[in-house]
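In: One predicted model, sequence on top.
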Amino acid sequence: MLEKNLVCVKCGKKYDIPTGKPLFLCDKCRGTLEIVFDYKKLKEKLSYNNIKRRPFNHARYIEFYPVNPKTGLASLQEGGTPLLRSKNIEKKYKLGFELYFKLELLNPTGSFKDRGSSVEVAKAIEFGAKNVICASTGNMGASVAAYSAISNLNCYIFTPKDAPKIKLEQILAYGAKVFHVDADYATVMDIVEKLSKKGFFLLGDYLYRREGTKSVGFEIMEQTDPDYIFVPVGNGTLITSLWKAVKEFNIMGFKKQKPRVSGIQAEGCSPVVRAFKKKETVKPLRNAKTVAGAIECNDPIDGENAVKAIKESGGFAETVNDDEILETRELLAREEGIFAEPSGVVGLAGILKLKDKIKEGSKVVCVITGHGLKIPRTGIKARSRNVKPNMKKIKKLIKF
């Protein structure tokens, strides 16, 4: 374990690495915390040749994760996902650049979330947790539930009112207890953070998940030399993790390439893009709504980090509307044989919208974040009807 300390990305307060009790948010300003590694020691311990001799999967980069090497990761053999070059879209749209798809939909539970869950659940075990709790629009909940199942943890997932029924069914299949709350995602996150103080280990888009998600970026950097990487943005954790991965490979001297990391949001829920374009802080939205439910995060926990990543890398921040998202979903399936959920194609919709601004001859990677079978009904956002909000039980657990 080569962590030096924690630092709040908002106010800069530093913390020692927690041992007896976990820390998830800054106790001064409630900002997100970032783990700072001792890269000097990491360089002494690890070379790129060491990494290249290992199997190509998430565990390949274990020294870059804040986990105890003796206990290791909670794993379902996540990662090692393919990077495929476009067979038809690149030609059909006469793109002046190479287009690649990073197929995160091929992870064990069908989304990129498995990378973060492997680290988060490992940390829960290290801290001696028995009960874990998480707020999720669906994909993270399914991933957390699966990794909790293999780790014998009691798992409690809280979902917002518009979480799709089929995703709730996936979560329930792994044995988790689901609380479907009649509220938006930000409210559900607040409930879960309060509950975490009552004996539940908090999982979600916090510091440990961010570190685990870095492997998406590590793999892309090894699979090609990208000039641009486009990703959907919800809570902002994926794009933040990607950019940290790029910087760490640069610090270690493994790669020199610094791709422009670009964040795309749905028009109906775009607090990060709005903040980037208006050059202001990220502000919560009241009535966020989009067909891309997995990124419908009205108050993104890593929003400021996402804006910072886009600025530092020189990337784009753009929105696409629901019609563009659904059309792109059908296009990707029809032309490339890749069936993704609506949120999973938001990055590609952004690439097609911004294609004239991308430098000719570039290598452009689009991260496809979630499988189409999570939302199989094309053009229709599934709504849960069978799992009813159980506010009485929630109110007993929390004093509002």
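Out: Looks like it came in fine. All of these numbers come straight from a predicted model, not from anything done at the bench.

In: Quick one: the helices in the stretch 251-400 of the chain, in order.
Out: 271-278, 303-313, 322-336, 346-353, 391-397 (DSSP state H, counting those that start in this stretch).

In: Could you look over the ones you listed and pick the most buried one?
Out: helix 346-353 (a mean of 27; mean count of other C-beta atoms under 10 Å). Where C-beta positions appear, they are placed from N, C-alpha and C, glycine not excepted.

In: now for the helices of the stretch 251-400 of the chain, which one comes closest to K198?
Out: helix 391-397 (6.8 Å; C-beta to C-beta).

In: Tabulate the helices of the stretch 251-400 of the chain (CSV), appending mean pLDDT and distance to A145.
Out: Output for the helices of the stretch 251-400 of the chain, formatted as CSV (pLDDT from 0 to 100; distance: least, C-beta to C-beta, whole Å):
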stretch, mean pLDDT, distance to A145
helix 271-278, 98, 27
helix 303-313, 97, 26
helix 322-336, 97, 25
helix 346-353, 98, 24
helix 391-397, 61, 19
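
In: OK, contacts around E335?
Out: Applying C-beta atoms under 8 Å, 6 or more residues apart in numbering, we find E335 in contact with 87-89, 92.

In: Any idea which residue is closest to the centre of this protein?
Out: Central residue of the chain (C-alpha atoms, centre = their mean): L238, 3.8 Å from the mean position.

In: And stretch 131-142, end to end?
Out: Terminal residues of stretch 131-142 are spaced 16 Å apart (C-alpha to C-alpha, to the nearest Å).

In: Throw the helices of the stretch 251-400 of the chain into CSV and include distance to F179, thanks.
Out: Converted to CSV, these look like this (distance: least, C-beta to C-beta, whole Å):
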stretch, distance to F179
helix 271-278, 25
helix 303-313, 25
helix 322-336, 28
helix 346-353, 27
helix 391-397, 6
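
In: Just say helix, strand or coil for I220.
Out: What DSSP: H, G, I helix; E, B strand; the rest coil gives for I220 is helix.

In: got the contact list for it?
Out: I220 neighbours (C-beta under 8 Å, 6+ apart): 83, 102, 226, 229, 242, 365, 367.

In: Mind doing that once more with 6 Å?
Out: 102, 226, 365 (C-beta atoms under 6 Å, 6 or more residues apart in numbering).

In: My guess is the second one contacts V365. True?
Out: Yes: P226 sits in contact with V365 when judged by C-beta atoms under 6 Å, with a separation of 4.6 Å.

In: which residues in the stretch 51-200 of the chain form strands?
Out: Per DSSP state E, counting those that start in this stretch, the stretch 51-200 of the chain carries strands over the ranges 83-85, 98-103, 131-135, 154-159, 177-180.

In: Name the residues linked to Y100 by a beta bridge.
Out: R85, V365 (DSSP bridges).

In: Same question for V132.
Out: If you apply DSSP bridges, the partners that V132 bridges to are C155, F201.

In: hang on, it packs against A124?
Out: Yes: if you go by C-beta under 6 Å, V132 and A124 touch, sitting 5.4 Å apart.

In: joint contacts of these two?
Out: Residues touching both V132 and A124 (C-beta under 6 Å, 6+ apart) are F201.

In: do you know how far T71 is from D356?
Out: 50 Å (C-beta to C-beta, to the nearest Å).

In: Actually, K194.
Out: K194 sits at a distance of 47 Å from D356 (criterion: C-beta to C-beta).

In: ok, now N5?
Out: Taken as C-beta to C-beta, the span from N5 to D356 is 44 Å.

In: of T71 and D356, who's got more company?
Out: Just comparing T71 and D356: by other C-beta atoms under 10 Å the higher neighbour count belongs to T71, 11 against 7.

In: Give me the three-state assignment for P22.
Out: With three-state DSSP as the basis, P22 sits in coil.

In: State the phi and psi torsions of it.
Out: The phi/psi pair for P22 (degrees, to the nearest 10) reads phi -70, psi 160.

In: Quick check: pLDDT value at it.
Out: On pLDDT, P22 comes in at 91.

In: Look up the pLDDT of the nearest residue to it once chain neighbours are set aside for me, please.
Out: Distances taken as C-beta to C-beta, 6 or more residues apart in numbering place F127 nearest to P22, at 5.3 Å, with adjacent residues excluded. In the prediction, the pLDDT value recorded for F127 is 95.

In: right, and F127 touches L23 too?
Out: No: between F127 and L23 there is no contact under C-beta under 6 Å: 10.5 Å.

In: Give me the more crowded residue out of P226 and V365.
Out: Each of P226 and V365 has its neighbours counted (other C-beta under 10 Å); V365 has more, 27 against 24.

In: isn't the more buried one right up against D225?
Out: No: V365 lies out of contact with D225 (C-beta under 6 Å); the separation is 10.2 Å.

In: shared neighbours of those two, which are they?
Out: If you check V365 and D225 against C-beta under 6 Å, 6+ apart, no residue is contacted by both.

In: who touches stretch 255-265?
Out: Counting by C-beta under 6 Å, 6+ apart, 221, 225-230, 232-233, 239, 242-243, 249, 272-273, 306, 309-310, 313-319, 346-347, 350 sit against stretch 255-265.

In: who's the closest residue to L172 other than its chain neighbours bridged to?
Out: Using C-beta to C-beta, 6+ apart and skipping the chain neighbours, the partner closest in space to L172 is V178 (5.8 Å). In this entry, V178 is beta-bridged to I157, by DSSP bridges.

In: what's the burial count for V178?
Out: V178: 22 neighbours (other C-beta under 10 Å).
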